[in-house]
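Q: Show me the folded form of this:
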Amino acid sequence: MASTMPFSAGLVSLGFPPPQHHSCRLQRYQRPCTLISSAIRHGQVKAMAGVSMDGLARPQAPVAVVTGASRGIGRAIAVALGKAGCKVVVNYAKSGMEAEEVCREIMESGGTAISFSADVSIEAEVETMMRAAIDTWGTLDVLVNNAGITRDALLMRMKKAQWQEVVDVNLTGVYLCAQAAAAVMMKRKK
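A: Numbering: from 1, shown residues only. Okay, the predicted model is just below:
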């Protein structure tokens with residue numbers, strides 16, 4: 001049994017203003033879902049024992065990649081998208097246990113998710129993450145660039161390496177993820 005819900009309603013419930021020019025709709029699925037747990041930092045996929053692959057390729061459900069989704073705002077966005085019917089890639093850099101918890105929460109609410117370890121400041125890892133979404137579900141529809149870091153230090157005490165790390169994740173990471181996702185979406189004219 002599927003019911004439709006305006007995409008903007010989900011965004012408004014997350015605190016975002018409703019879109020002005022879009023009329024996207026998400027399908028909400030009332031069905032058992034599948035969880036694939038993966039650690040793909042070096043191109044290896046480790047599936048949990050006993051996980052079924054049935055029902056993964058459903059093109060009707062949007063596929064979303066949420067970076068920095070293991071904690072905080074990213075977690076809330078990933079869970080909300082999962083509850084709204086999206087298939088969610090829960091990206092994390094170091095918080096694998098928390099990412100698995102997010103996947104479990106999405107599953108318990110009737111959604112589908114995989115966790116994916118990737119440093120968004122490294123182009124090869126970003127490309128591997130986007131490829132995992134496509135290999136798992138056949139497409140990529142939504143990108144939420146949420147990953148970010150902070151290095152709280154006074155200007156005079158901050159080392160250049162700390163500054164560069166912030167720039168690499170918070171700026172270059174957004175660029176790399178948007179570029180990789182746009183290449184997929186533009187092929188499909190999304």
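
Q: and Ala80, how many neighbours?
A: 19 (other CB atoms under 10 Å). In short, each C-beta sits where N, CA and C put it, glycine included.

Q: Now it: which helix or strand?
A: For Ala80, the element it lies in under DSSP states H and E is helix 72-83.

Q: Could you pull out the buried residues of that helix?
A: By 16 or more other CB atoms under 10 Å, the buried positions in helix 72-83 come out as 74-83.

Q: Serialize those to CSV and add fields for pLDDT.
A: Below are the buried residues of helix 72-83 laid out as CSV (pLDDT from 0 to 100):
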residue, pLDDT
Gly74, 98
Arg75, 98
Ala76, 98
Ile77, 98
Ala78, 98
Val79, 98
Ala80, 98
Leu81, 98
Gly82, 97
Lys83, 96
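
Q: related to what we said a few turns ago, CA atoms of the helix holding Ala80 as PDB?
A: In PDB, the C-alpha atoms belonging to helix 72-83 read as follows (Å, rounded to 0.1, in the frame of the first residue of the first chain):
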ATOM      1  CA  GLY A  72      23.400  15.500  14.500                       C
ATOM      2  CA  ILE A  73      21.500  17.200  11.700                       C
ATOM      3  CA  GLY A  74      22.700  14.700   9.100                       C
ATOM      4  CA  ARG A  75      21.200  11.900  11.200                       C
ATOM      5  CA  ALA A  76      17.900  13.700  11.500                       C
ATOM      6  CA  ILE A  77      17.800  14.300   7.700                       C
ATOM      7  CA  ALA A  78      18.700  10.700   6.900                       C
ATOM      8  CA  VAL A  79      16.000   9.300   9.200                       C
ATOM      9  CA  ALA A  80      13.400  11.800   7.900                       C
ATOM     10  CA  LEU A  81      14.200  10.900   4.300                       C
ATOM     11  CA  GLY A  82      14.000   7.200   5.200                       C
ATOM     12  CA  LYS A  83      10.600   7.600   6.800                       C
END
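
Q: contact partners of it?
A: Helix 72-83 is contacted by residues 10, 13-14, 28, 64, 66-69, 88, 90-91, 98, 102, 105-107, 109-113, 142, 144, 146-147 when judged by CB atoms under 8 Å, 6 or more residues apart in numbering.
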